[in-house]
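1. Take this sequence and fold it.
(2 chains)
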Amino acid sequence: MSQKKLAFVFPPFASDYPDDPFINLTGFDDCFRKFLSRAAEFADPDLIQFSLSSNNFLDDELKTQYISYIQACSLVSWFREKGVIPAYSSGYSMGIYAALYQSEVISFPDGLLLIRQAFKEIKKVTGKKEFGMCSIIGLNLDDLEQLIRKEKLNLKLAIQNSVCSFSISGASEDILRLTESAQKEGALSTRVLNVSVPYHCDFLKDTAGGFREFVNQIQFRSPKMPIVSLVDQDILLEEQSLKDEIVRNLFTSLNWYKTQLYLQELGINRFVECGSGKGIVKIARFIEGDAVFYTANSFTISLDVK
Amino acid sequence: MALITENTRKEVTDIVYNFFADECEVDIKDIHADTNIINDIDGDSLMFLELIEIFKKKYTLDIELKTIGKYSVKHPVQTIGQLIDMQLLIIEHENKLLELDL
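-> The predicted structure is shown next:
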């Protein structure tokens, strides 16, 4: 059952795990364990020890990215077995690798290799400097940019999620100062994210050369379904444009707000967040339009494909 | 400046209780005025923001989010009862909310 009005969205990495995020997906655990076992073989043997309740790796940035990718690919496989194929997919932040897997552009192990190499290139560029990210909700873009200028903070817009919701990247010290100033300015929610990297901004532009060289060694195939870019909302249909996308994804500001509005224009009225959390579903509360956003669990209930 | 009647208070209370019962997947009977939004029912600030949007649409309110944010810094909301009181103040005073502190 190809779903013409359905899009899969792949989240980046988890900051926490809810209890039983896949409780309604019968047989999902077996599917996940198979992917986990392959990932342990290709990327890191420790991954096999993963457990949502007792050993979830949330203190390890790279392993957390692997786990989100493995969960996403397991969901793709599980839904595919049920005949659920979306019309479009999109990768939010580091979710881009799972979107490539969903569209059959790359193999599962190659996604793991890309994640590892991207992280390696990023760490090469950031060195021992302390970086971070934060989310600010309740101020508009002008207010936020004005605040950054006024406080003379060296920070960059990483992701726009809605008219009043943003992720910001930069030096850890400046990130903390921004969260304090933003609260005084009237932000309704500020949160320092559990990352040590200033994703999606030009602090990382020097990753381009090394990462591109690596990406060029990976076999990319033509996508079986279109992927929509979070950078400029282009529909990506060529292998080369997909390679370019994952290189620029590291150091270019993303706009999820515009991307999902564009997907709605294309006729998408249901989005499924293919991960364990519901970060993207929560963000959707502040986005106009009639589209419905589901978690994997709630979508499964709506389809009755258990 | 809107007039807050008993009817408005009941309407706002019903919306808030139903909203949290739905969002936090708890029985509406378990929600009370002194229910702590974060500790007792696992709510979050995004839910607060969504409620504001609901009330902005319902009562056609002219209020900027940052005005509510500034007011919240001085008057933090922890319980359902406090949240209802704040929503009523927002409906009553809109963008003049901060003048209450002058």
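2. Pull the number of nearby residues for A:R177.
-> 18 (other CB atoms under 10 Å in any protein chain shown). From N, CA and C alone the C-beta is placed, and that goes for glycine too.
3. Touching, it and A:K152? I think so.
-> No: the criterion here is CB atoms under 8 Å, and A:R177 misses it with A:K152 at 9.6 Å.
4. Tell me, how many residues neighbour A:L25?
-> A:L25: 22 surrounding residues under other CB under 10 Å.
5. can you tell me the residue of chain A closest to chain B?
-> Nearest residue of chain A to chain B, counting by CB to the nearest CB: A:G186, 3.0 Å away.
6. Report pLDDT for that residue.
-> Looking at A:G186, its pLDDT reads 90.
7. Torsion angles phi and psi at A:G91?
-> phi -110, psi 120 (degrees, to the nearest 10).
8. and it, what are its bridge partners?
-> A:F10 (DSSP bridges).
9. Who are the contact partners of it?
-> Contacts for A:G91 were tallied using CB atoms under 8 Å, 6 or more residues apart in numbering or on different chains; they are A:9-10, A:97-100, A:227, A:230, A:249.
10. what does chain B have sitting close to chain A?
-> Residues of chain B found near chain A (CB under 8 Å from any CB of the partner chain) are B:44-46, B:48-50, B:52-53, B:64-70, B:72-73.
11. Dihedrals phi and psi, the residue of chain A closest to chain B?
-> Per degrees, to the nearest 10, the backbone of A:G186 is at phi 120, psi 10.
12. Tell me if I'm right that it and B:I63 touch.
-> No: using CB under 8 Å, A:G186 makes no contact with B:I63, being 11.2 Å away.
13. mind listing the helices for chain A?
-> Using DSSP state H, the helices of chain A run over A:28-42, A:61-81, A:96-102, A:108-126, A:141-150, A:172-185, A:208-215, A:239-249, A:256-265, A:279-283, A:296-303.
14. and of those, who's closest to A:P18?
-> Nearest to A:P18, of all those, is helix A:296-303, at 9.3 Å by CB to CB.
15. do that closest one and chain B meet at all?
-> No: Helix A:296-303 lies out of reach of chain B by CB under 8 Å from any CB, never closer than 10.8 Å.
16. Contacts for that helix next, please.
-> Helix A:296-303 has contacts (CB under 8 Å, 6+ apart) with A:21-25, A:75, A:82, A:84, A:270, A:272-275, A:294, A:306.
17. what's the angle from that helix to helix A:28-42?
-> Per axes from the mean of the first three to the mean of the last three CA atoms, to 10 degrees, the angle that helix A:296-303 makes with helix A:28-42 is 140 degrees.
18. what angle separates helix A:296-303 from helix A:61-81?
-> 10 degrees.
19. can I see the domain layout of chain A?
-> Using automatic domain parsing, the domain parsing of chain A gives A:2-126+A:202-303, A:131-192.
20. got the ones you listed as TSV, with distance to B:V77 columns?
-> Shown next, in TSV, are these (distance: least, CB to CB, whole Å):
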stretch	distance to B:V77
domain A:2-126+A:202-303	18
domain A:131-192	10
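21. between those, which gets nearest to B:I4?
-> B:I4 lies closest to domain A:131-192 among those, at 22.4 Å (CB to CB).
22. that older thread, got the contact list for the residue of chain A closest to chain B?
-> With CB under 8 Å, 6+ apart, A:G186 has these contacts: A:138-139, B:64-70, B:73.
23. And the furthest pair within those?
-> Within the contacts of A:G186, B:E64 and B:V73 form the most distant pair, 14.5 Å apart (CB to CB).
24. Compare those two and say which is more crowded by neighbours.
-> Between B:E64 and B:V73, B:E64 has the larger neighbour count (other CB under 10 Å), namely 17 against 13.
25. how long is stretch A:203-210 from one end to the other?
-> Stretch A:203-210 has its terminal residues 15 Å apart, counting by CA to CA, to the nearest Å.
26. which residues sit against it?
-> Outside of stretch A:203-210, the residues within contact range by CB under 8 Å, 6+ apart are A:118, A:121-122, A:124-126, A:131, A:156, A:169-170, A:197-198, A:247-248, A:250-251.
27. Pick out the most distant pair among those.
-> Taking CB to CB, no two of the contacts of stretch A:203-210 sit farther apart than A:G170 and A:V247, at 21.3 Å.
28. What count of nearby residues applies to residue 102?
-> Defaulting to chain A. 30.
29. my bad, the chain I had in mind was chain B
-> Here the number of neighbours of B:L102 (other CB under 10 Å) works out to 5.
30. ok now stretch A:57-68, how far from the chain's centre?
-> Here the centre of stretch A:57-68 is set off from its chain's centre by 13 Å, with CA atoms, centre = their mean, to the nearest Å.
31. Mind listing what's buried along that stretch?
-> A:57, A:61-68 (16 or more other CB atoms under 10 Å in any protein chain shown).
32. pLDDT averaged over it - what is it?
-> On average, stretch A:57-68 scores 94.
33. CA atoms only: put that stretch into CSV for me.
-> Written as CSV, here are the backbone C-alpha positions of stretch A:57-68 (Å, rounded to 0.1, in the frame of the first residue of the first chain):
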residue,chain,number,x,y,z
PHE,A,57,24.2,5.2,25.6
LEU,A,58,22.6,8.6,26.0
ASP,A,59,26.0,9.9,27.4
ASP,A,60,27.7,9.0,24.1
GLU,A,61,27.0,11.3,21.2
LEU,A,62,28.1,8.9,18.4
LYS,A,63,26.5,5.8,19.8
THR,A,64,23.2,7.8,20.3
GLN,A,65,23.4,8.7,16.6
TYR,A,66,23.9,5.1,15.6
ILE,A,67,21.0,4.0,17.8
SER,A,68,18.6,6.6,16.2
